[in-house]
Structure formats: structure tokens, C-alpha cells
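[1] Got a predicted structure plus its sequence, pasted below:
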Amino acid sequence: MNYKFALLAALVAGLVPVAAIAQADSAAPQPAAAPAAAPAAAQPAPIVPKAIPAKIALIAFEQAVINTNEGQQALDAIKKKYQPQKAKLDTLSAEIDSLQKQLQAAPATLSDDERASRTKTIDTKSKQLQREGEDAQTAYNADLQEAYGKVAQKVNTVLRSYVEVNGYTLLLDVSSQQSPVMWATPNTDITEAVINAYNASSGVAAPAPSAPSAARRPAATTPHAAAKPAAK
């Protein structure tokens, strides 16, 4: 059979309308055009390091806070607050020492019951001393930390202003014994200068000295001396 003839006959007979075929081809979904590529995001300009002249300063910040007039007043107030507790603990400690000496000096004729009773009394008082001493120390440290934090925030504000006004580009805190600074010339230490600047801005007068001034506030020294002890 002639297949070309059969196909032509089918088209003529209307079995496969040519118009329908054409319409089907035109109605068929066409592949979507590929979206245009989005423009590349602008890349930020790289930061190029720039060397500037260095002006370095050192400060023992913790010592600066404590040695301001306000810091000294806060310390004195805390010491006065805990003075009664300290006196009580000192009295209890002296009593325990006395009881221990009495027990050691007791004659050999002292009965076992009496020796055991004295030993128990000493042990009870020693535990009381330890417990009350730890509680007092914990409370004292908490009050000290709170007072230090309040003054430190204000000293930090004065310190930042001092550094900016004097054009320092780097400030190192050498309060810790583990400071990496091994040596520095004395004129780089601004601890005393910041103390004086804060005292002037705060308007707080120096507390009345209860001990020689040299013992209350030692002169600021170059921190590197204590920062790195010589290796043995």
C-alpha cells in the first residue's frame, strides 16, 4: 500500500484537519525565555591599611580607679561598715587561740572526758569562725565590686576624653601582673594624670588621712617593673 497516498486521502477526507494541526501547533506552550542575568552586585571597595604615627600610653586602670578621691572614700565607707564584724571575728579568733593554749598546758591528770569536752568546744568555735569569716568576706567582696564598678564607669569616661584630647593612638591597660608589657619609658604612664583629671572633674575632696599619705596612695610607677618578674 502506498502510505503517502493513504495520508493524503485521510487529509482530504477530513480525518486529520490541517487547520486543527496548525492551531494545535500555535497553541502549544512555548518554552519561556530565559530571564536576563541580574547585574552583579557592587563589591565594596577593599580597605587598605594605612600606617599612622603611633602615640602609645599605659595605664594601671584598676589602681587609678581605687586611688581617686571617690574610690578612696568608697573603700573607707566599706571598711567602716565591716569593722564591727571584723572586731567580732578577731575576738573569736583570740578566744580559740587561748583555749588551744590552755588545752596544751593542761596537766596530764586532766580526765579524758574534760579533754574531749575542751577539744569539742575548740572545734565548734573554729567552725563558727570559718563560717562567719567566709560569709563576711563574700559580702565584703560584693560591696567592694559594686563600689568599684560605679567609680570605674565614670573614670573610664574621663580616661577616653583624656586620650582623645592628647592624641594617643593606642592605650594599654597594665593593671594585671600578666600584662604583656615588659618595659616602657616612665613618661608613657598616664595613671597619675588620669587620677588627677578625674579628681578635678568629680569635685570629690580627698578623704581625711587615717595613715601616712604614702601608705594610702603610693606614687604611680612605671607598671612594667611588676608586670614581668625576672625568671628564676
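    Ah, there it is.
[2] ok, and what's touching stretch 69-78?
    Residues outside stretch 69-78 that contact it (C-beta atoms under 8 Å, 6 or more residues apart in numbering): 65-66, 140, 143-144, 147-148, 150-151, 154, 198-199, 202, 204-207, 210, 216-217. For the C-beta atoms, the positions are set from N, CA and C on the backbone; glycine is no exception.
[3] Extract the CA atoms of that stretch and return them as PDB.
    C-alpha atoms of stretch 69-78 as PDB (Å, rounded to 0.1, in the frame of the first residue of the first chain):
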ATOM      1  CA  ASN A  69      39.400  60.600  95.900                       C
ATOM      2  CA  GLU A  70      36.000  59.000  95.200                       C
ATOM      3  CA  GLY A  71      37.500  55.500  95.100                       C
ATOM      4  CA  GLN A  72      39.300  56.100  98.500                       C
ATOM      5  CA  GLN A  73      36.100  57.400 100.000                       C
ATOM      6  CA  ALA A  74      34.200  54.300  98.900                       C
ATOM      7  CA  LEU A  75      36.900  52.000 100.300                       C
ATOM      8  CA  ASP A  76      36.800  53.800 103.700                       C
ATOM      9  CA  ALA A  77      33.000  53.500 103.800                       C
ATOM     10  CA  ILE A  78      33.100  49.800 103.200                       C
END
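[4] Mind telling me what element residue 179 is part of?
    Per DSSP states H and E, residue 179 falls between elements, in no helix or strand.
[5] Where is the longest helix in the protein?
    If you go by DSSP state H, the chain has its longest helix at helix 112-165.
[6] Tell me the predicted confidence for residue 122.
    pLDDT recorded at residue 122 is 97.
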